[in-house]
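Colleague: What shape does this take:
(one chain, ligands or ions: 1)
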Amino acid sequence: MIPRVKARAVQQRLQKLIAQAGLASRRTAEEWIAAGRVKVNGAIASLGDRADLAVDQVLVDGRPLARAEQKLVVMLNKPSGYVCTLKDPQGRKRVTDLVADLPQRLFPIGRLDYNTEGLLLLTNDGELAQLLSHPRHHVDKTYLVKVRGHLNPQTSKQLTEGVRLADGVTLPARVANVRLQGKNCWFELTIREGRNRQVRRMCEALGLPVSRLKRIRLAFLELGQLPAGRYRPLSAAEIARLRSA
Ligand code: URA
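Modeller: Predicted structure coming up:
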């Protein structure tokens, strides 16, 4: 039991408070609670415990949990040469460094490879991040792809109908705006899945190594003219539309 708990009307489950603070998903927060990493008013919390951050002190790994921050979602134009992980053992530049001027601690929704550029969403809203990253949440993602070699009707058909990869055949995709440039070729590829290195692996499987990759659209969101390395906050209307996408 949690001692000295007050203001019952505004108490919320600990996992919800931790997720709202952007520290982890509710499920991960439940694991932290079960592992004894969360304390309320000095006592180790149990699953099912509630608290009110206005009157109760909640510690996660000994650090006080702040009251829910203002929720924020930003669209970043990720430059090549940045990692999407929050810590990098090799000390490479992180996408979170590009939003470090914001008071909120943001984390990326999903991943783009180190060398992939373009549209990346970051947020402090753990619930929204979990919703959008769920494997069943298939939203269209359009990439501008440059490959060494030329896309021909046969390879284009394969990309469209599905490519056999080590982790299974890809879902149908769309190819558009194919342009040849010397020995290279540019095109737009729209996929609905988010498998690891999916576009690079699909093209490599067809003998077309990717030399440049940029995400230009995610669901209804367009990267537009946002300069590389810059971000813009999404509007409340855009966030609501994303939730229902
Ligand atoms: N597909 C890839 O191969 N890499 C990315 O970063 C995104 C999609």
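
Colleague: Would you mind measuring from residue 10 to the ligand?
Modeller: To the ligand, residue 10 is 42 Å away according to Cβ to the nearest ligand atom, to the nearest Å. C-beta coordinates here come from the backbone N, C-alpha and C atoms, glycine included.

Colleague: list the contacts for that residue?
Modeller: 52, 54 (Cβ atoms under 8 Å, 6 or more residues apart in numbering).

Colleague: Could you shift the numbering so residue one becomes 637, and keep it that way?
Modeller: All set: I'll call the first residue 637, so the last point we hit is now residue 646.

Colleague: Next one, pLDDT for it please.
Modeller: With respect to pLDDT, residue 646 has a value of 78.

Colleague: what's the answer for residue 771, then?
Modeller: So, for residue 771, pLDDT stands at 70.

Colleague: same question, residue 722
Modeller: 90.

Colleague: what does the one 10 residues further on give?
Modeller: On the pLDDT scale, residue 732 is placed at 96.

Colleague: Could you do the one 4 residues further on as well?
Modeller: The per-residue pLDDT reported for residue 736 equals 91.

Colleague: and if you look at residue 705?
Modeller: 66.

Colleague: just for the protein, where's the confidence low?
Modeller: 637-645, 704-705 (pLDDT under 70).

Colleague: residues in it within reach of the ligand, list them.
Modeller: 748, 749, 752, 833, 834, 835, 836, 849 (Cβ under 6 Å from any ligand atom).

Colleague: Let's check: the centremost residue of this protein is which one?
Modeller: residue 745 (1.2 Å; Cα atoms, centre = their mean).
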